[in-house]
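Sequence and predicted structure are below.
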Amino acid sequence: MTRAISTPSRTKEILETYGLRAKKGYGQNFLVDPVIVERCAKESHCEGAVIEIGPGIGSLTEMLARYSRHVTAYEIDDRLIPVLQDVLSDYDNIEIIHQDFLESDLDEKVRELKEKYGKVSVCANLPYYITSQVLFRIFENQDIGCITVMVQKEVGDRFAAGPNDPEYSALSAEAAYLYQVRKLFTVPGRSFNPSPNVDSVIIQFVRREDDVPADVPAFFELVRACFKQRRKTIYNNLKEYWQDAEKAARILEETGISEKLRAQQLSVSDLRKIYEAGER
Ligand code: SAM
């Protein structure tokens, strides 16, 4: 049986055969640790259809193809498309899409996969330069039940953060609102080629089934506006967002939230109160 793509020797061989060098601009760090890759795929609940962002040279893609019925992988780097088609040619359940994930029609793809396979999840080793944008985009789709992603440790800490923690951000508030967030395990820098200076973590988001606001994108927009200028008070950020000082003061009074607080001090339920009062 062929060695897994993620074995260091096979990765080296593939990079040499195709004359490839990791492109920093695309956040390329290839996983060279078969144990971690397999564990990630195994724990990702990818039994139905799974979407991967940034397959690279296919190390995680290969493992996902073994554990799920279908893999859809979006890769931006045109150099990698023929490589992926070649190294993954033994699998007939992988679709490689040559596209910037952020420009893809995710909702349409998820609808199609859900209809065919019943369940859709995401599993990826995300390019670090667009981690938040990619996650925000995925969070907006309610049909993705489980998201398992490798991110830089510092980003992982932001997800685990709560009000008053320095790392608490729009990302943490949104994530905690929609998902049960769990850190699965840490991945040391040496598990990548090239090795970054920082460690990574694998985080898993399992969608909450209960009460979520009807219009998630609008709620997210408000959360982001509240955190826009972290040093400013919630009143100032809301005033700017609504372009209406009177509305900002009225909503804060109605919800019993002090004008002097900063977004970082607000719980997810405070943010939701503001959103709902602002919509009325
Ligand atoms: N999955 C591979 C692995 O674990 O070895 C590679 C992960 S590497 C951290 C990130 C991958 O995302 C690279 O292959 C990169 O080219 C790709 N990528 C970067 N920006 C992207 C985008 N906007 N859309 C799709 N893929 C992207």
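Perfect, I can see it now.

Going by C-alpha atoms from here, please, whenever you check contacts or count neighbours.
Will do.

which parts of the chain sit against the ligand?
Taking Cα under 6 Å from any ligand atom as the test, the list of the chain residues beside the ligand reads 26-31, 53-56, 59-60, 74-77, 100-102, 125-127.

repeat that for 8 Å
The chain has residues 6, 23, 25-32, 37, 52-61, 74-77, 80, 98-103, 124-130, 192 near the ligand, with proximity defined as Cα under 8 Å from any ligand atom.

Show me the residues you listed that map onto helices.
Under the assignment DSSP state H, these contribute 37, 59, 60, 61, 80 to helices.

ok, now which ones touch the third one?
Contact analysis of residue 60 by Cα atoms under 8 Å, 6 or more residues apart in numbering lists 6, 37, 38, 41, 124.

Tell me how many other residues crowd the second one.
I take that to be residue 37. Neighbour count for residue 37, taken as other Cα atoms under 10 Å: 23.

Once you drop chain neighbours, what's closest to it?
residue 60 (5.8 Å; Cα to Cα, 6 or more residues apart in numbering).

hmm, back to that, which of the contacts of residue 60 has the largest number of neighbours?
Compared across those, residue 6 has the highest neighbour count, 27 neighbours, by other Cα under 10 Å.

so that residue touches residue 29, yeah?
No - between residue 6 and residue 29 there is no contact under Cα atoms under 8 Å: 11.7 Å.

Count the neighbours of residue 83 for me.
By the other Cα under 10 Å criterion, the neighbourhood of residue 83 contains 19 residues.

And it, its phi and psi?
Torsion angles at residue 83 (phi, psi; degrees, to the nearest 10) stand at phi -70, psi -50.

for residue 151, same thing?
Given degrees, to the nearest 10, the pair of backbone angles that residue 151 has is phi -140, psi 170.

Which parts of the protein are helices?
Taking DSSP H as the test, the helices found in the chain are 8-17, 34-42, 59-67, 80-87, 106-117, 131-139, 153-160, 170-178, 216-226, 234-242, 245-255, 268-279.

Quickly compare the ones you listed and say which is most buried.
Ranked by average neighbour count under the criterion mean count of other Cα atoms under 10 Å, the helices of the chain are headed by helix 59-67 at a mean of 24.

Output it as CSV, nothing but the C-alphas.
What follows is helix 59-67, C-alpha atoms only, in CSV (Å, rounded to 0.1, in the frame of the first residue of the first chain):
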residue,chain,number,x,y,z
SER,A,59,-2.7,14.9,3.0
LEU,A,60,-5.9,15.5,4.9
THR,A,61,-8.0,15.1,1.7
GLU,A,62,-6.8,11.6,1.4
MET,A,63,-7.7,10.7,4.9
LEU,A,64,-11.1,12.4,4.7
ALA,A,65,-11.9,10.4,1.6
ARG,A,66,-11.4,7.2,3.6
TYR,A,67,-13.7,8.3,6.4
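
I'd like the average pLDDT over it.
Per-region confidence: helix 59-67 scores 98 on mean pLDDT.

related to what we said a few turns ago, tabulate the ones in helices among the residues of the chain next to the ligand (CSV), appending distance to residue 217.
Written out in CSV, the entries for these read as follows (distance: Cα to Cα, whole Å):
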residue, distance to residue 217
37, 32
59, 33
60, 30
61, 29
80, 33
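
Which one of the residues you listed is nearest to residue 267?
When these are compared for distance to residue 267 (Cα to Cα), residue 37 comes out closest, at 35.0 Å.

re the thing from before, in JSON lines: the helices of the chain, plus distance to residue 197.
Formatted as JSON lines, the entries for these read as follows, by distance: least, Cα to Cα, whole Å:
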{"stretch": "helix 8-17", "distance to residue 197": "18"}
{"stretch": "helix 34-42", "distance to residue 197": "18"}
{"stretch": "helix 59-67", "distance to residue 197": "21"}
{"stretch": "helix 80-87", "distance to residue 197": "24"}
{"stretch": "helix 106-117", "distance to residue 197": "32"}
{"stretch": "helix 131-139", "distance to residue 197": "17"}
{"stretch": "helix 153-160", "distance to residue 197": "11"}
{"stretch": "helix 170-178", "distance to residue 197": "23"}
{"stretch": "helix 216-226", "distance to residue 197": "29"}
{"stretch": "helix 234-242", "distance to residue 197": "35"}
{"stretch": "helix 245-255", "distance to residue 197": "43"}
{"stretch": "helix 268-279", "distance to residue 197": "33"}
